[in-house]
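In: Quick one, what's the 3D model for this:
(2 chains)
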Amino acid sequence: MTGFDLLRFDDWTKPVPPAERDVAALLPDDDEGRPPVLFVPGLGHAAWAFAEHWLPHTAGRGFPAHALSPRPGGDLRAQVHDVVQTAASLPRQAVLIGHGVGAQVVARALGRYPARAAVLVAPVLDGRSALGSALLANPAGTIPALFGGRLRISARQLFNSGLPAEQTAEYLSRLDPKPRAELLRRAVPPRPVGDPPVLVVGSPDDRVVARKALDRAAAAYAGAPLMFPGMGHDLMLEESWAEPIDAILDWLTKQVK
Amino acid sequence: MHDSPDPGERRDAVCVVGAGASGLTAVKNLLELGFQVDCYERETAVGGAWNWRHDRSPVYAGTHLISSRPLTEFPDFPMPDTWPDYPHHSQVLTYLERYASHFRLGEHIWFGTEVVSAVPTDDGGWEVTTRSTGGGASRTSRYAALIVANGHNWDPRKPAIPGEFRGRVMHSSAYKDPAVLRGRKVLVVGGGNTGCDIAVEAAQQASQVWHSTRRGYWYAPKYILGRPADQVNDALLKWRLPLRLRQWLYRRTVRLTTGDLTRFGLPAPDHQPYESHPIVNSQLPYYLGHGRITPVPDVTAFDGAAVELSDGRRVEPDLVITATGYRPRFEFLAPELLDADESGRPDLHLHTFARKHPTLAVIGLVQPDAGVFPLAHWQSVATARWLRLRLSDPAKAAAVQQKESAKPLASWSKRRVVKTERHWFEVDHLDYLRSLESLLNEMESAS
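Out: Numbers count the residues shown, from 1 in each chain, chains lettered A, B, ... in the order given. Sure thing, here's the model as predicted:
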């Protein structure tokens, strides 16, 4: 973790231009004063990945739930900007939950915005390690992307459990991954402002994020990862999607008491 | 709210005076470090100077920021990126209200309550006496620390002009609406940003406008190369160019944009760029060029219907607006607590920390060449961390204090500025933030 970030020349001299932000939202029937949750999707995913299960489930448990789609063509800095702008626009201090590369976006946003709490789900903080995993699991779909071609993500990279084939195909058809070279760095997460509680969630059977990378990510926030064996990288779309989100919301409930 | 049997005993809680921008950020950052906080605000709502319904607000209908949005917003709570580069004062108030509700600061603020005195106790704490602004009995509570954020732009500094004037004289603090200018002959006194802004408003409303300034200033435009001027300036500062080179660039830029204003009768600047608070106004040269504003020198006396000027001229305005600034005032504190001199100028480390009272700090008492909010935020972070360090590791806290107190003034206020009251709290935002950063890192390594 780096130190205090007082001099922000990029923000001061080259502010990220505004863009239309696509936010899916579901509010609970009764407002019990719980903090809003903002889901941030990873590479190739958008708000739909959370709208399937986690968004309604979170709202059903009394948390105002929001999911942000990345702006078209936006780099990491623009994505962080959009997360901070969206979080600050919510009526109360928000909880940030990022998945995959979205967790890297959240980790960076934590250096800008004092979240109520944060959850990094299967975080891709180490782009090189994720590339290595992708080359092992899906060389044919990955190698062309290294030379400017299309990145084709396969089902076995994202899912482990017995998701029906047509459902898997449908999810894959919605993916639109546009990897950028900046993701290949091993990101040093900035010091989170406001010292929020941070939880790292993952699976030992994730074919994108290795177990070691999960441990490293959790250690960066002085914790241990919460594991869901048997699940693939896309925990929020797996058959057993309810287990991790319930565990996350249980943890959150304790944190915000 | 109180958790101790004696309602006046707040033990480790911190008292914050004022719920304007500086008070709000102090409350937020103290809460974030786990302190209990009671904030006292004499008005019934947040916003301080930016809430123009407040008695003491200096803003008028047309007030806009003069520093651009990214250099004005709190570093951890951005203004909406769809807002203009230079938001209107009503947007700034909305922003502060949203900041307060987002972080649930309201439940820690006692509205309609003013602090009438704050006295240090033997154990390093404070006895704070408050009273409802609606009258009623006063009440004294004990706190571990006192954070003063009562603003410094509310007590008008009125010039002592000899003689009687038959027309109307008002300080800019009382100026709210351009309707008062309509069709009148107006003299605006004061060359600061407010004076220039009001002169420009008068140029659009009044039948005749004189603008009296004592000295020549550097008038920077709000936009350079299509970007807000402060953003372009910070792009240069990023490269740590030497001051002399930056001054040369500044003069070049002003010559290429604003141009030479002495041909309109304005005096030439008697100081170098960066040696006084920057005047940022694109419209003043425009209205000078259209003959709508007549520059005049200092006012020497009133004489019935006329105003005498230092060059011997006499003008006969219907209305005189004195935009001559404000005085800092801390009527609830004995002057020696802030090491104030006879003229009322407090002497505080980093314009923030009282030198003899480690549990007393003032937030927002700076005049930076950028927005104040980011500086007030980092002052609050440093203060909260300082108070935390005193509790968690008193020995390290003493070591940090010793090291800090040995630092010369020039380490955080390098700028040579024009020696007037107006520039008492002038800081270069980068030098200043670097000093705060070094203090924060020192405390971090110590904790």
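
In: Leaving aside the residues adjacent along the chain, what's closest to residue 33?
Out: Defaulting to chain A. The shortest distance from A:Gly33 to any non-neighbouring residue, by C-beta to C-beta, 6 or more residues apart in numbering or on different chains, is to A:Arg92 (7.9 Å). Heads up, the C-betas are built off the backbone N, CA and C, glycines and all.

In: that's the wrong chain, I wanted chain B
Out: B:Ala384 (4.4 Å).

In: buried sites along the helix or strand hosting that neighbour?
Out: Using DSSP states H and E, B:Ala384 sits in helix B:373-392. Under the neighbour-count criterion of 16 or more other C-beta atoms under 10 Å in any protein chain shown, helix B:373-392 has B:373-390 buried.

In: Residue numbers of the stretch 1-150 of chain A in contact with chain B?
Out: A:3-9, A:11-18, A:81, A:84-85, A:88-93, A:112-114 (C-beta under 8 Å from any C-beta of the partner chain).

In: wait, doesn't A:Val198 sit right on A:Ala217?
Out: No: the pair A:Val198 / A:Ala217 is not scored as a contact, 9.4 Å apart, by C-beta atoms under 8 Å.

In: When these two are compared, which one has more neighbours?
Out: A:Ala217 (27 against 23; other C-beta atoms under 10 Å in any protein chain shown).

In: What about residue 255, how many residues nearby?
Out: With no chain named, the answer covers chain A. With other C-beta under 10 Å as criterion, A:Gln255 counts 16.

In: meant chain B actually
Out: 10.

In: try the one 4 residues further on
Out: Here the neighbour count serves as a burial measure; for B:Gly259 (other C-beta under 10 Å) it reads 14.

In: who touches it in this structure?
Out: B:Pro285 (C-beta atoms under 8 Å, 6 or more residues apart in numbering or on different chains).

In: How about the secondary structure of it?
Out: coil (DSSP: H, G, I helix; E, B strand; the rest coil).

In: quick one: buried residues of the strand or helix carrying B:Tyr287?
Out: Here B:Tyr287 sits within helix B:283-289, counting by DSSP H and E. By neighbour count on 16+ other C-beta under 10 Å, the buried set for helix B:283-289 is B:Gln283, B:Leu284, B:Pro285, B:Tyr287, B:Leu288.

In: nearest residue to the first one other than its sequence neighbours?
Out: With sequence-adjacent residues excluded and distances taken as C-beta to C-beta, 6+ apart, B:Gln283 is closest to B:Val200, at 4.5 Å.

In: Could you list every helix and strand in contact with the strand or helix carrying the one you found?
Out: In this structure, B:Val200 sits in helix B:193-205 according to DSSP H and E. With contacts defined as 3 or more C-beta pairs under 8 Å, 6 or more residues apart in numbering or on different chains; DSSP states H and E, the packing partners of helix B:193-205 are strand B:185-189, strand B:208-212, strand B:279-280, helix B:283-289.

In: Counting by contacts, list what the last one packs against.
Out: Translated: helix B:283-289. Taking 3+ C-beta pairs under 8 Å, 6+ apart as the contact cut, helix B:283-289 packs with helix B:193-205.

In: give me that answer again for 10 Å
Out: helix B:193-205, strand B:208-212, strand B:219-220, strand B:294-296 (3 or more C-beta pairs under 10 Å, 6 or more residues apart in numbering or on different chains; DSSP states H and E).

In: who touches it?
Out: B:191, B:195-197, B:199-204, B:209, B:211, B:217, B:219, B:221-222, B:257-261, B:263-266, B:281, B:292-295 (C-beta atoms under 10 Å, 6 or more residues apart in numbering or on different chains).

In: Give the rounded mean pLDDT of that helix.
Out: Per-residue pLDDT over helix B:283-289 has a mean of 95.

In: Centre of the chain to that helix, how far?
Out: Distance, stretch centre to chain centre, for helix B:283-289: 26 Å (C-alpha atoms, centre = their mean, to the nearest Å).

In: Using CSV, write down the CA coordinates of it.
Out: Extracted C-alpha coordinates of helix B:283-289, given in CSV (Å, rounded to 0.1, in the frame of the first residue of the first chain):
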residue,chain,number,x,y,z
GLN,B,283,-14.7,39.8,-17.9
LEU,B,284,-13.0,42.8,-16.3
PRO,B,285,-10.8,43.6,-19.3
TYR,B,286,-13.8,43.1,-21.6
TYR,B,287,-15.9,45.8,-19.8
LEU,B,288,-12.8,48.1,-19.4
GLY,B,289,-12.5,47.8,-23.2
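
In: Output the set of residues of the stretch 301-447 of chain B in proximity to chain A.
Out: By C-beta under 10 Å from any C-beta of the partner chain, the residues of the stretch 301-447 of chain B that approach chain A are B:370, B:374-375, B:377-378, B:381-382, B:385, B:429-430, B:432-441, B:444-445.

In: Who are the packing partners of whichever helix or strand B:Arg251 is part of?
Out: Assigned by DSSP H and E, B:Arg251 belongs to helix B:243-256. For helix B:243-256, the packing partners by 3+ C-beta pairs under 10 Å, 6+ apart come out as strand B:219-220, strand B:223-224, helix B:229-237.
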